[in-house]
Each structure stands twice: as structure tokens, then as C-alpha cells.
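>>> When you get a sec, could you give me coordinates for this:
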Amino acid sequence: MGFPGTWMTESESLVYRVIPKCACSTIGQIMYYSDHGHYFDGDIHDSTQGLHKWSQDYSQQPITDRVTAQDTYTFTCVRNPYTRVLSAFFDKICGIQRNGRRYRGNLVPNIIRKYGVEVEGDFDQIQSFRRFLLFARDTIKYRRPMDPDIHWSAVSGHASTLIVNGGRYDKVITTENFKEGMKEVMKNIEVKHPLDIDTMPRFNESEGHGPKRAHPVEDYFDDLSMHLVYEIYKRDFVLFKYDATDPSRKEPLSEPDMDEIHAKLGD
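Numbers count the residues shown, from 1 in each chain. Okay, the predicted model is just below:
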């Protein structure tokens, strides 16, 4: 299987397991800058040089060597399941993508038809999101009407592939405490071009794709939708220490236990 979703600086100073909807654009730009002294001009997901990516054939051997040797600082970034699935809804279901089209062709029309989700005009965001949650649950639990999409499949599933194939994380940071986490990561490596995490731009490539969220996070989740989110993302809540009982609490309750993460995701 290798190491899908894994990026590494060309200098081989830093390995990162990409997790969609968890600050991956900003992290990729930090890695790019640390080697080259400037940011990639465009969406870092479109780069084909300047950053090793598993999707690039020439990058696979260097990534494999460093990850399996466990001699290069390796990290990932996670996010509260409530805000992550909500972000996926507004970006991928409600939003128009960079190519000017809806995400994944007929995906959105199918959800509209089968689940009653609305995405046009002044629609009821709360009602439509809760219906989308039913769809997301069906894809993850039952793999129907399609396999789960990377943007709403569980964070723990993404993170586990690096571990089960022979890698080990030195650090798991969170989007909620992003600056502090990235500063600690950068302290542990040698960089050609240092950068100031506090003043650097934030690269949110999905911003503006969809309508703005009209309500506080907690308003989107009633008892049933909270139950669905816990059913889908129980392992994320447990491993990364997020509060499943309070959607308004974004920050984790405590630091993740690295030994627990490797033990439970390495099965």
C-alpha cells in the first residue's frame, strides 16, 4: 500500500501525513517555504515539484526510505470532528470548486435527490447539513450509495496508514492550536529558510467555495446529529481527545497520547 497522502520536504527534513480539512494547504506551504524561501504560487495541492508527494512516482522511494527508517521528523494535523464535517459540507457539497463545477460531478445532484439536501439560494443550512450527515454516515458505515470521500472519512483512518505500513509519528498537532503546534514541529528540524509562523499568511484554499456559515457550530447539531457524528467518528474523539458531548468546544480536552495513537492505529 505504501504511504498515500504523505508529503516530504525535498531536503528530507520533514514528513507530513496529509489529512483533508485539517490545515493541509497551510502546512504544505510551510514545508515548501522551508526549503525554497518562498511560497508556491498557487494551490500547493497542484505542485508537481519542490515538494515530495506520494502521488508523484519519483517521490515514492525517498518517502518510503525516510518513513520506514523513522529517522525524519514525522507529524500530522487533526481537527475536531464537529467542525471538520461541517467544513466538508460547506466546501464540498455547497461550494463551487476551482474548476467552476460542483464537487465530483453528479455527487451533489444525487445527494439532493436521495437525501433532500438543498444547496441553492437562501436554503435552510441546518436542515440540509443534518441530511448530509445521514449521507456521510451511510458512506462510512455501509459504503453506500458510494465509498466515503476523503474529506469526511475519519481522521484516524487517514492517520493510520502511515503507522500500519511502518512509520511512526513524532507529533500530532491540532488545527485549533495550529500556531503552537507548528512552532514545535519547526523547532525539531533544520530548515534552510526559517519563517515566522505568527505572521505568515493562512492558506485556506477552500475559503469562498461555498456559502458562509450562518449559525454557531453547535446550532447544526441536535441530539440525533450528535449521535450520528459520534457513531461515525468515535475513534477520532477518543484518540485525539475531543469532547463529543459539546459541539461548541472546539479545542481538545487534553494532549493526545502518542503511545495510545500508535497502539490503536497500528492494529
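>>> Let me know the secondary structure of Gly210.
The three-state label given to Gly210 by DSSP: H, G, I helix; E, B strand; the rest coil is coil.
>>> For Asp236, see how far away the closest residue to it other than its chain neighbours is.
Closest residue in space to Gly210, ignoring its immediate chain neighbours: Gly95 at 3.1 Å, by C-beta to C-beta, 6 or more residues apart in numbering. Every residue, glycine included, has its C-beta placed from N, CA and C. Distance of Gly95 to Asp236, computed by C-beta to C-beta, to the nearest Å: 23 Å.
>>> Neighbour count: the two, which is higher?
Using other C-beta atoms under 10 Å as the criterion, Gly95 and Asp236 rank with Asp236 on top: 24 against 19.
>>> Wasn't the more buried one part of a strand?
No - using three-state DSSP, the assignment for Asp236 is helix, not a strand.
>>> surely it meets Ser156?
Yes - if you go by C-beta atoms under 8 Å, Asp236 and Ser156 touch, sitting 5.2 Å apart.
>>> What's the mean pLDDT across stretch 7-21?
Mean pLDDT, computed over stretch 7-21, is 98.
>>> ok, and for it, which residues are buried?
Using 16 or more other C-beta atoms under 10 Å as the test for burial, stretch 7-21 gives 7-11, 13-21.
>>> for the residue nearest to Tyr233 when sequence neighbours are not counted, phi and psi?
The shortest distance from Tyr233 to any non-neighbouring residue, by C-beta to C-beta, 6+ apart, is to Pro81 (3.8 Å). In terms of degrees, to the nearest 10, the main-chain angles of Pro81 are phi -60, psi -30.
>>> now Met8
Met8 has phi and psi values of phi -150, psi 140 when expressed as degrees, to the nearest 10.
>>> can you tell me how far the nearest residue to Gly37 once chain neighbours are set aside sits from Leu265?
Nearest non-adjacent residue to Gly37, counting by C-beta to C-beta, 6+ apart: His193, 3.9 Å away. Going from His193 to Leu265 by C-beta to C-beta gives 33 Å.
>>> Next up, the contacts around Thr245.
Contact analysis of Thr245 by C-beta atoms under 8 Å, 6 or more residues apart in numbering lists Met226.
>>> what about it, which helix or strand?
Using DSSP states H and E, Thr245 falls within no helix or strand.
>>> what about it, distance to Pro194?
To Pro194, Thr245 is 41 Å away according to C-beta to C-beta.
>>> Name the helix or strand for Ile197, please.
Residue-wise, Ile197 maps onto no helix or strand under DSSP H and E.
>>> Surely it is in contact with Gly181?
No - look at Ile197 against Gly181 with C-beta under 8 Å: they stay out of range, at 9.3 Å.
>>> Please identify which of these two sits among more neighbours.
Gly181 (21 against 17).
>>> mind checking pLDDT for the residue lying closest to the more buried one once chain neighbours are set aside?
Nearest non-adjacent residue to Gly181, counting by C-beta to C-beta, 6+ apart: Ile173, 2.8 Å away. pLDDT recorded at Ile173 is 98.
>>> List the residues that contact Ile173.
So Ile173 contacts 75-78, 180-182, 184-185 (C-beta under 8 Å, 6+ apart).
>>> Same question for Ile163.
169, 261-262, 265-266.
>>> cool, Pro4 as well?
Per C-beta under 8 Å, 6+ apart, neighbours of Pro4: 54-55, 161.
>>> Packing partners of the longest strand seen in the chain?
In the chain, taking DSSP state E as the definition, the longest strand is strand 73-78. Where contact means 3 or more C-beta pairs under 8 Å, 6 or more residues apart in numbering; DSSP states H and E, strand 73-78 is packed against strand 14-17, helix 155-164, strand 171-174, helix 178-187.
>>> if you set the cut-off to 6 Å instead, what comes out?
When contacts are defined as 3 or more C-beta pairs under 6 Å, 6 or more residues apart in numbering; DSSP states H and E, strand 73-78 sits against strand 14-17, strand 171-174.
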